[in-house]
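In: no FASTA, just this:
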């Protein structure tokens, strides 16, 4: 007999990497920046976190190092787009390729070794899962109830108006990008330290792209990000359950189920935007637009 609580705990654990990365990208996009480099930041965090955890024997130190590594590599994107005004889409894609290549080059010595065990928290799931859930109300509160959060949203809606009011658009966006990088790094480290328990090249397997899709699915809200991450986690758990039950379906088809569900959701969102004038109104007005201070 299936235990609903056990299934739910598996669901929230499976959704944790996506939840961290999507919450970080939510803050970035609320500041008016479109960073398509989430996959690159996640794989960088996965390697850096695993290496630190393996070398120190402390998985929590691994997550800290992963956050720093994710933030550090995100600042490359920040420098290109906020200082040199490079195209955000091209810079984000370049960051993904750079992160994947960097991880592949430096990850070879860590193949075949195991991560140190994670301490178990309440309900027999690790503490990072609970941290991810706690970040949902924290991000909501920051964006909706703090002055800095409202300034960040103002920058994302109309950076020219925010600049005219005396707010530093570039500093605000740099901070948002660094936060997004740190969150993506933690999400990547969760895969290597707490899920797979070892380093494998390309182990993020498109999770960064799913996180980007979930931000759109959420209408740029923290609660929507949680719902989207749980949807992805639920489909992932269903896929694993069907495989374990020996259902006569090709493994490749089951493995693609989470990504197929994401595509279906995005198609539904696109259809809604086509037939509803109000759909998409939650998207920040300056999303993807560089700020020219001298213009």
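Out: Happy to help now that I have it. In this text, all values refer to a predicted model and were calculated from it rather than measured experimentally.
In: make it CA atoms for all contacts and neighbour counts henceforth
Out: Fine.
In: Okay, helices next: where are they in the stretch 1-150 of the chain?
Out: 4-30, 38-56, 59-78, 88-106, 127-145, 147-157 (DSSP state H, counting those that start in this stretch).
In: CSV please, covering these and showing mean neighbour count and distance to residue 202.
Out: Below are the helices of the stretch 1-150 of the chain laid out as CSV (neighbours: other CA atoms under 10 Å; distance: least, CA to CA, whole Å):
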stretch, mean neighbour count, distance to residue 202
helix 4-30, 25, 15
helix 38-56, 30, 7
helix 59-78, 24, 16
helix 88-106, 18, 7
helix 127-145, 16, 22
helix 147-157, 21, 32
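In: In contact with residue 52, which residues?
Out: Residue 52 makes contact with 58-59, 61-62, 65 under the criterion CA atoms under 8 Å, 6 or more residues apart in numbering.
In: what's the spacing between residue 183 and residue 78?
Out: Taking CA to CA, to the nearest Å as the measure, residue 183 falls 15 Å from residue 78.
In: meant to ask about residue 217
Out: 25 Å.
In: need the helices of the stretch 1-150 of the chain in a markdown table with distance to residue 120 and mean pLDDT, can you?
Out: Conversion of the helices of the stretch 1-150 of the chain to a markdown table gives the following (distance: least, CA to CA, whole Å; pLDDT from 0 to 100):
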| stretch | distance to residue 120 | mean pLDDT |
| --- | --- | --- |
| helix 4-30 | 12 | 93 |
| helix 38-56 | 16 | 97 |
| helix 59-78 | 12 | 97 |
| helix 88-106 | 28 | 95 |
| helix 127-145 | 7 | 97 |
| helix 147-157 | 33 | 96 |
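In: So which of the ones you listed is nearest residue 188?
Out: helix 38-56 (4.2 Å; CA to CA).
In: by how many degrees do that closest one and helix 4-30 diverge?
Out: Calculated by axes from the mean of the first three to the mean of the last three CA atoms, to 10 degrees, helix 38-56 forms an angle of 120 degrees with helix 4-30.
In: what about helix 38-56, distance to the chain center?
Out: Centroid displacement of helix 38-56 relative to its chain, using CA atoms, centre = their mean, to the nearest Å, is 14 Å.
In: related to what we said a few turns ago, turn the helices of the stretch 1-150 of the chain into a markdown table, including distance to residue 197.
Out: Formatted as a markdown table, the helices of the stretch 1-150 of the chain follow (distance: least, CA to CA, whole Å):
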| stretch | distance to residue 197 |
| --- | --- |
| helix 4-30 | 14 |
| helix 38-56 | 9 |
| helix 59-78 | 10 |
| helix 88-106 | 16 |
| helix 127-145 | 14 |
| helix 147-157 | 36 |
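In: List just the one of those helices that sits closest to residue 201.
Out: helix 88-106 (5.8 Å).
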